[in-house]
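# I need the structure of the sequence given here:
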Amino acid sequence: MQFTDIIGQEAIKHKLIKDAQNGRVPHALMLCGKEGCGALPLAVAFAQYLLCTGKMPQDNGPSMFGDPEPVAPLDHACGHCNACIMAEKLQHPDLHFAFPIFKKKAGKVNLCDDFLTEWRELLLDNPYFGYAEWMKASGAENQQLLMYVEESDAIARKLSLKSSQGGYKVCIIWLPEKMHESCANKMLKLLEEPPQQTVFLLVSERPDLVLQTIRSRTQMIDVPVLPEKEIEQALIARNGIAENEAKRIAHIANGSMTAALRAITSDTDESEYFELFVRLMRLSYMRKVKEMKEWSEEVASLGRERQKTFLVYCQRLLRENFIYNFHRPILNYMNEEESQFAVKFAPFINERNVIGIMTELSLAQRDIEQNANPKILFFDFALKMIVLIKNR
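Just a heads-up that it's a prediction; the model follows:
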């Protein structure tokens, strides 16, 4: 992947290239940014740039004055050398990946290499994928994704070997916040004493959840969200979307290319979450307790990862409905179906209950992460909504 394949982020591209050209590549770099900002594509492109053996053009011999012609390194990977050809396919022997996985079989060693085919296919098909897309591609369904302690041992073994191409060894770690504590502690030792010519590129969406001692040993770069105009232009050029539709999608994407691509493909998970949210609000308003219990059992069957995603979606939609009351469309980031629902629902969300509902959603998310019983938790939340939704 080349830097030219990445949407926007010109300042970060320039910094990474200049650091490499000036020999100031840190042994551990953490790219931090919201899902869909392009942090992972940046890491992959930078890895190819570091591994490229054709960045330096051939010496053209002496100039007319007898002195050698000055030769400057390229501002991008050459794309033609063997290293680039292998890196483009994500199959360079000195390019390693670590990412959250699930346990296929209990009691068996679980490594990222077991999922490498699915990872490469997804990354090559769409470098702007998110956690939900990876869960689907890996076949995780409702299982929790983590990086286990065996992964840190496997990374250490790979990086202890001599570089097969005689240059850098690069390890890209996607979502280090998903490391199991034992894995994170072992990775810390590896970051403290990295093998020679090794570069770690960590890509985090929640750096606050990464072990503090790991963060302190990395150079952190904040990757900003993408401007609407850049997303719009990318949708037109890469996906063939009509200008008016691209403009609408770019706005509701709220700086995330991942969200924009989901809007194009009509993400089935978000449609399901929207239906669950609408049903809960209506049942709460009508105080149909029996149906609310059935609703809570349905949500409980989603699995913990999707339950957490659903609660995040609820918080977003609640915020959008509260903002909708200010009648400033430019501040809203809802699709057409959500906007139609907001016409009648938004008046029920106001300054008297919005904080209370958001608090309950945050507490529910915390409790799910701590393995609370989902049936009890969601039924309790639904009952509280009866009081909160009436507080107009």
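
# and His327, that's in a helix?
No: assessed with DSSP: H, G, I helix; E, B strand; the rest coil, His327 is coil; it does not lie in a helix.

# Mind listing residues that contact the helix or strand hosting Lys189?
Per DSSP states H and E: Lys189 is located in helix 181-192. Contacts with helix 181-192, where a contact means CB atoms under 8 Å, 6 or more residues apart in numbering, come from 27-28, 146-149, 151-153, 155-156, 159, 173, 176, 179, 200, 210-211, 213-214, 217-218. Bear in mind the C-beta positions are built from the backbone N, C-alpha and C, glycine included.

# Partner strands of whichever helix or strand comes after that helix and their direction?
The first helix or strand that comes after helix 181-192 along the chain, using DSSP H and E, is strand 198-204. Strand pairing for strand 198-204, determined by DSSP bridges: strand 28-32 (parallel), strand 169-174 (parallel).

# between the ones you listed, which one is nearest to Arg319?
strand 28-32 (22.4 Å; CB to CB).

# can you list contacts of the closest one?
Taking CB under 8 Å, 6+ apart as the rule, strand 28-32 contacts 12, 39-40, 42-43, 176, 191, 194, 199-205, 207, 210, 215, 217-223.

# Equivalent analysis for stretch 117-130, please.
1, 5, 7, 35-36, 38, 40-41, 44, 89-91, 97, 99, 112, 133-134, 137-139, 257-258, 261-262.

# picking that back up, which ones among the contacts of helix 181-192 map onto helices?
Val149, Glu151, Ser152, Asp153, Ile155, Ala156, Leu159, Thr213, Ile214 (DSSP state H).

# name the helices or strands packed onto the helix or strand harbouring Tyr49?
Per DSSP H and E, Tyr49 falls inside helix 39-51. Here helix 39-51 touches helix 10-21, strand 28-32, helix 82-88, strand 95-98, strand 169-174, strand 198-204, going by 3 or more CB pairs under 8 Å, 6 or more residues apart in numbering; DSSP states H and E.

# Of these, which is nearest Leu51?
helix 82-88 (4.8 Å).

# Are there helices or strands packed against that closest one, and which ones?
Counting by 3+ CB pairs under 8 Å, 6+ apart, helix 82-88 packs on helix 39-51.

# Kindly confirm my reading that Thr53 is in a helix.
No: the assignment for Thr53 by three-state DSSP gives coil, which leaves it out of any helix.

# ok, back up a step: next, the angle from the helix holding Lys189 to strand 28-32.
130 degrees (axes from the mean of the first three to the mean of the last three CA atoms, to 10 degrees).

# Point me to the helix or strand that includes Ala382.
Using DSSP H and E, the element containing Ala382 is helix 374-390.

# chain center to that helix: distance?
On the basis of CA atoms, centre = their mean, to the nearest Å, helix 374-390 sits 30 Å off its chain's mean C-alpha point.

# Walk me through the domains of this protein.
Domains of the chain are assigned by automatic domain parsing as 3-55+74-222, 225-265, 270-390.

# what about the last one, average pLDDT?
Right, domain 270-390. Averaging pLDDT along domain 270-390 yields 91.

# picking that back up, and the helices and strands packed on helix 39-51: which comes nearest Lys55?
helix 10-21 (8.5 Å).

# got the contact list for the closest one?
Taking CB under 8 Å, 6+ apart as the rule, helix 10-21 contacts 3, 6, 25-26, 31, 42, 45-46, 49-50, 73, 75-76, 221, 223.

# If we use 6 Å, what do you get?
Residues from elsewhere that reach helix 10-21 (CB atoms under 6 Å, 6 or more residues apart in numbering): Phe3, Val25, Phe46, Pro73, Asp75.

# Now, the residues you listed that are in helices?
Counting by DSSP H, the contacts of helix 10-21 place Phe46 in helices.

# List the single closest residue to Arg287 in space, sequence neighbours excluded.
Ile386 (5.6 Å; CB to CB, 6 or more residues apart in numbering).

# on that earlier part again, Serialize the helices and strands packed on helix 39-51 to JSON lines and add fields for mean neighbour count.
Shown next, in JSON lines, are these (neighbours: other CB atoms under 10 Å):
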{"stretch": "helix 10-21", "mean neighbour count": "16"}
{"stretch": "strand 28-32", "mean neighbour count": "23"}
{"stretch": "helix 82-88", "mean neighbour count": "19"}
{"stretch": "strand 95-98", "mean neighbour count": "23"}
{"stretch": "strand 169-174", "mean neighbour count": "25"}
{"stretch": "strand 198-204", "mean neighbour count": "24"}
